[in-house]
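Colleague: Fold the following for me, if possible:
(2 chains)
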Amino acid sequence: KAGVTQTPRYLIKTRGQQVTLSCSPISGHRSVSWYQQTPGQGLQFLFEYFSETQRNKGNFPGRFSGRQFSNSRSEMNVSTLELGDSALYLCASSYRTREANEKLFFGSGTQLSVL
Amino acid sequence: AQKITQTQPGMFVQEKEAVTLDCTYDTSDPSYGLFWYKQPSSGEMIFLIYQGSYDQQNATEGRYSLNFQKARKSANLVISASQLGDSAMYFCAMREGISSGSARQLTFGSGTQLTVLP
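Modeller: Now for the predicted structure:
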């Protein structure tokens, strides 16, 4: 079974530009979550999508947005990039059951550098 | 206040020895779950072990075990017989609100960089 696939693996952008990151979950998983990882702030939850609807959102500005398609693939978009947006963006998928021990399966991330 | 605290930024252990990575947490929710993930240099987060707040026994998964002390709000990861491939960043994480089924996101600690020496 293929794991969570994130593309691209690396991305270099300049301030003010916008960027779109893609995530393909494990087959059968309908929930996709996004996390931002930086050396200063650590891992922070961005948002979660399930059945094409945003279910939860972290404390990030409106420049960060996402969507989920009918095949559960998800994209996240960051508009008007700032230097502080440089980070590893991790996508995680799950079935989104009500089981307490449900684990998230993560991709290898997209390393975004904003110059 | 930090919800997950990992006080060891870096740890060294000799190959084949055991090592304990510390994790304390803070929550008022009676229903929560605690996870440990490993992140090698490739970036992918790999699930290691889970402990539920109502679980009576400490969780074990192969060489990984969790020393769960509920009253002290600690959930330390014990890796037995360390291997060179265990060198990685280790994160403790918590999921709250399990009973309501509403909150699915994980809150992560700052991580511990483990280096296994030959």
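
Colleague: Residue A:65: neighbour count?
Modeller: 17 (other C-beta atoms under 10 Å in any protein chain shown). For glycine as for every other residue, the C-beta is placed from the backbone atoms N, C-alpha and C.

Colleague: is it fair to say it lies in a strand?
Modeller: Yes: membership of residue A:65 in a strand is supported by DSSP: H, G, I helix; E, B strand; the rest coil.

Colleague: For the closest residue to it other than its chain neighbours, give its distance to residue A:9.
Modeller: Distances taken as C-beta to C-beta, 6 or more residues apart in numbering or on different chains place residue A:77 nearest to residue A:65, at 5.0 Å, with adjacent residues excluded. Going from residue A:77 to residue A:9 by C-beta to C-beta, to the nearest Å gives 18 Å.

Colleague: follow-up on the earlier one: now do the contacts for the residue nearest to residue A:65.
Modeller: A:18-21, A:64-67 (C-beta atoms under 8 Å, 6 or more residues apart in numbering or on different chains).

Colleague: swap in residue B:116?
Modeller: B:12-15, B:82-87.

Colleague: Please see if stretch A:5-24 touches chain B.
Modeller: No: figure legend: stretch A:5-24 not in contact with chain B (C-beta under 8 Å from any C-beta of the partner chain); closest approach 8.7 Å.

Colleague: residues from chain B in reach of chain A?
Modeller: Counting by C-beta under 8 Å from any C-beta, the residues of chain B near chain A are B:31, B:33, B:35, B:37, B:42-47, B:50, B:52, B:91, B:93, B:95, B:98, B:101, B:103-111.

Colleague: if you set the cut-off to 7 Å instead, what comes out?
Modeller: With C-beta under 7 Å from any C-beta of the partner chain as the criterion, chain B meets chain A at residues B:33, B:35, B:42-45, B:47, B:50, B:52, B:91, B:98, B:101, B:103-106, B:108, B:110-111.

Colleague: burial measure for residue A:71, as a count.
Modeller: By other C-beta under 10 Å, the burial measure for residue A:71, its neighbour count, is 11.

Colleague: nope, residue A:69 is what I was after
Modeller: When neighbours are counted by other C-beta under 10 Å, residue A:69 comes out with 12.

Colleague: Thanks again, I'm all set now.
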